[in-house]
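Enquirer: The following block contains a protein sequence and its predicted model.
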Amino acid sequence: MPINVQSGLPAAKILKNENIFVMDEERAVKQDIRPLNIVILNLMPIKTVTETQLLRLLGNSPLQVDITLIYPKTHMSKNTSEAYLFKYYQTFNEIKCKKFDGMIITGAPVELLEFETVDYWDELTEIMDWSLTNVYSTFHICWASQAGLYYHFGVPKHNLSEKLFGVFFQKVNCKNVRLLCGFDDTFSVPHSRHTEFLKEDIEKIPELTILAESKESGPYIVVAKGGRQIFVTGHSEYDLLSLNDEYVRDTSSGIKTHIPKNYYPNDDINLAPLSTWRSHANLLFLNWLNYYVYQQTPYDLNKL
């Protein structure tokens, strides 16, 4: 079954060209089925890119998924127009009386700021509090995983001496966990960040389990007991050229940055990178949708 999105959303056209089945609202309402309701809090500057990446993965599922896009009202977007946000997005105030099967909170380019100094921090913490009672399972990505672990469990973040940038091998710690069904013992994940949280800090919290990690990039998937909160430090949703685009952007702006590790063949930026994480990314989002949302959430969301 497809993902259901607003008619005209640019990501829908891109995904249809990739042969991913996308259904618009007009057709969806004619089907007698209870779809999964997923809300995406998009904190990234160029929202269309992140929309496409996430909807590509959510659309690779036999489940019908209704998507609601929201953004922080307390932040003035510089890269996405107000007209676009007004047409395709809602604010938290507009949806906070509703309940959702699942929620995704994206990363954000604010990791070097202290959490409390981020201009939408108060709104984000209100949303994270709300998610505990109005969402069955919440999936946090990159900076959102750091924000969530800090806010809910007091896990601190730490600055890195240099940007963690590239594709890194991860090792599965817990094999009998449904989120990792079908995973190989090791798999690749893109990372792009200036901060981290430490394994020893997480292990102090009995409610948390590290499902997968890397010697180079640290803890990758952390789950709270029951699977209601999932924290993913990397960017499994990235496109093939996402790291390349970041590298070109930074070097063109005069920012000193190293070539993303394990990305270009022979570290030659003139050679096209190979995708080594796509199958894992699809499995991760499919397992989350199936085992942590569809199989768990009540048919009547009012009983959540």
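Expert: Good, I have the coordinates.
Enquirer: Can you show me the helices along the stretch 51-200 of the chain?
Expert: Taking DSSP state H, counting those that start in this stretch as the criterion, the stretch 51-200 of the chain contains helices spanning 82-88, 92-95, 121-134, 143-153, 199-203.
Enquirer: Looks like Phe165 contacts Lys256 (just checking).
Expert: No. Using Cβ atoms under 8 Å, Phe165 is not in contact with Lys256; the gap is 11.8 Å. C-betas here are computed from N, CA, C, even on glycine.
Enquirer: correct me, but Val155 touches Glu203?
Expert: No. Using Cβ under 8 Å, Val155 makes no contact with Glu203, being 10.2 Å away.
Enquirer: out of the two, which sits in the more crowded spot?
Expert: Val155 (21 against 12; other Cβ atoms under 10 Å).
Enquirer: Please report the distance of that one from Ile141.
Expert: 16 Å (Cβ to Cβ, to the nearest Å).
Enquirer: How is Ile40 assigned, secondary-structure-wise?
Expert: Under DSSP: H, G, I helix; E, B strand; the rest coil, the three-state class of Ile40 is strand.
Enquirer: what about it, neighbour count?
Expert: Ile40 sits with 24 neighbouring residues when counted by other Cβ under 10 Å.
Enquirer: Gly166 too?
Expert: Counted with other Cβ under 10 Å, residues neighbouring Gly166 total 21.
Enquirer: With adjacent residues omitted, what lies nearest to it?
Expert: Nearest in space to Gly166, with sequence neighbours left out and distances taken as Cβ to Cβ, 6 or more residues apart in numbering, is Lys261 at 3.0 Å.
Enquirer: Hmm, Phe165 and that neighbour touching each other?
Expert: Yes. At 6.8 Å, Lys261 counts as touching Phe165 under the criterion of Cβ under 8 Å.
Enquirer: The two: which is more packed in?
Expert: Per other Cβ under 10 Å, whichever of Lys261 and Phe165 has more neighbours is Phe165, with 22 against 16.
Enquirer: Okay, strands next: where are they in the stretch 1-150 of the chain?
Expert: 3-5, 22-24, 36-41, 65-70, 100-105, 135-141 (DSSP state E, counting those that start in this stretch).
Enquirer: no no, the stretch 201-304 of the chain
Expert: For the stretch 201-304 of the chain, the strands defined by DSSP E, counting those that start in this stretch occupy 208-214, 218-224, 229-232.
Enquirer: which of those strands is buried the deepest?
Expert: Comparing the strands of the stretch 201-304 of the chain on average neighbours per residue, with mean count of other Cβ atoms under 10 Å, the densest one is strand 229-232 at a mean of 26.
Enquirer: Run a quick neighbour tally on Leu69.
Expert: Counted with other Cβ under 10 Å, residues neighbouring Leu69 total 23.
Enquirer: Quickly note the distance from the residue lying closest to it once chain neighbours are set aside to Val5.
Expert: Using Cβ to Cβ, 6+ apart and skipping residues adjacent in sequence, the residue nearest Leu69 is Tyr89, 4.8 Å away. Separation of Tyr89 from Val5 (Cβ to Cβ): 12 Å.
Enquirer: and if you look at Gly182?
Expert: Counting by Cβ to Cβ - Gly182 and Val5 are separated by 27 Å.
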